[in-house]
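S.K.: For reference, the sequence and a predicted model appear below.
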Amino acid sequence: MRRLKKRIFYGLCGGTVAVLAIVRACNPGVVQPGGECEVDSVSENMTEVVQKPVVLEKKTRHRVMGVHSYEECFPDLQEVQIVAAQRWGVRPVKNREEAEHRKQDLVYVGANPNFCIDRAMRQSIPYLVPRASDLLQKIGRNFIDSLYIKDVPVHRIIVSSVLRTEDDVARLRRVNGNASEQSCHRYGTTFDITYVRFDPVHHANGAPCEYVSDAILKPVLSEVLRDLRQQGLCYVKHERKQSCFHITVR
């Protein structure tokens, strides 16, 4: 019985080999190393991928352009700004005691993350009408955003003058001949932003911000003010002697 099983097994094996030999003789291409060609092709493609340089997209950095002329872009004189001040502002305040009773018409702007009030400010108090307060916050916020997209260390604008009482105007006129008796600052619609000093914002770890010259920061601020003026949100005068932008809400 065992011998019979062996004969059957060997017979089947021999028959299989014979069939394969016939197939090979009739179709030689069946046993060509097609798999090897496919592997070689894949290897060549992989080599091309590895050797091909990878080009990484660089972070877009907006250039600091500034405006073509401060005088031409910010020409709004007193006679233009006073009309808007009288339209949108409060009745002029006699003194600071009276100002304490007018806060229902005014917004305190002494503390804000988008700007800071000049510590040396003596001839005005940090109050504006809501319309002007919104404008000041927009200027500060847009300035910070512009610095970020231009990859410039973040600074805040410094407000050097805000609401002036009648007494403040009188005192200022004694030391500053350019101060107008009909100052727009009396209406709570007007503020000055210095362009020679900016407030550096410290990093989250408390490290000081990198120094940036006002020769860079002033043009960025001018771009922000130009855009808002072109949108019809404010009047702006470039003050050379006072080194500030004199701004009234519209």
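M.R.: Okay, I see it.
S.K.: alpha carbons only for contacts and neighbour counts from here, please
M.R.: Noted.
S.K.: and the gap between Lys237 and Lys138?
M.R.: The gap separating Lys237 from Lys138 is 18 Å, by CA to CA, to the nearest Å.
S.K.: neighbour-wise, which of these two wins?
M.R.: In this comparison of Lys237 against Lys138, neighbours counted by other CA atoms under 10 Å, the higher total goes to Lys237 at 21 against 16.
S.K.: So that one lies in a strand, does it not?
M.R.: Yes - the assignment for Lys237 (DSSP: H, G, I helix; E, B strand; the rest coil) places it in a strand.
S.K.: need the contact list for it.
M.R.: With CA atoms under 8 Å, 6 or more residues apart in numbering as the criterion, the residues that contact Lys237 are Glu71, Phe74, Pro75, Asp76, Leu77, Phe245, His246, Ile247.
S.K.: Any idea how many residues pack against the fifth one?
M.R.: For Leu77, the neighbour count with other CA under 10 Å is 13.
S.K.: Got the phi and psi for it?
M.R.: phi -80, psi 180 (degrees, to the nearest 10).
S.K.: On the pLDDT front, check it for me.
M.R.: The pLDDT attached to Leu77 in the predicted structure is 96.
S.K.: on that earlier part again, out of the contacts of Lys237, who's the most crowded?
M.R.: Among these, the one with the most neighbours (other CA under 10 Å) is Ile247, at 27 neighbours.
S.K.: Could you confirm that residue falls within a helix?
M.R.: No - under three-state DSSP, Ile247 falls outside any helix and is assigned strand.
S.K.: So what sits opposite it in the bridge?
M.R.: When assigned by DSSP bridges, Ile247 has beta-bridge partners Phe191, Val236.
S.K.: how's this structure carved up into domains?
M.R.: The record's domain parsing of the chain by automatic domain parsing lists 2-51, 70-249.
S.K.: could you pull out the strands for the chain?
M.R.: Secondary structure of the chain (DSSP state E): strands located at 107-108, 115-117, 127-128, 155-161, 190-194, 199-200, 234-239, 244-249.
S.K.: How far away from the center of its chain is the first one?
M.R.: Relative to the chain's own centre, strand 107-108 is displaced by 26 Å; criterion: CA atoms, centre = their mean, to the nearest Å.
S.K.: swap in the fourth one?
M.R.: Centre-to-centre, strand 155-161 and its host chain are 17 Å apart (CA atoms, centre = their mean).
S.K.: And for it, what's in contact with it?
M.R.: Contacting residues not belonging to strand 155-161 are listed as 114-118, 120-121, 123-126, 140, 143-144, 147, 191-194, 197-201 [CA under 8 Å, 6+ apart].
S.K.: Same check on the last one?
M.R.: For strand 244-249, the external contacting residues (CA under 8 Å, 6+ apart) are 81, 84-85, 88, 131-132, 135, 184, 189-196, 233-239.
S.K.: Can you give me the pLDDT of the spatially most central residue of the chain?
M.R.: When the chain is reduced to its mean C-alpha position, the nearest residue by CA atoms, centre = their mean turns out to be Asp145, at 2.1 Å. The pLDDT attached to Asp145 in the predicted structure is 97.
S.K.: and the contacts of strand 155-161, which are buried?
M.R.: By neighbour count, with 16 or more other CA atoms under 10 Å, the contacts of strand 155-161 hold 114-118, 123-126, 140, 143-144, 147, 191-194, 197-198, 200-201 as buried.
S.K.: Highest mean neighbour count out of the domains of the chain?
M.R.: When you average the neighbours per residue for each of the domains of the chain (mean count of other CA atoms under 10 Å), domain 70-249 leads with a mean of 18.
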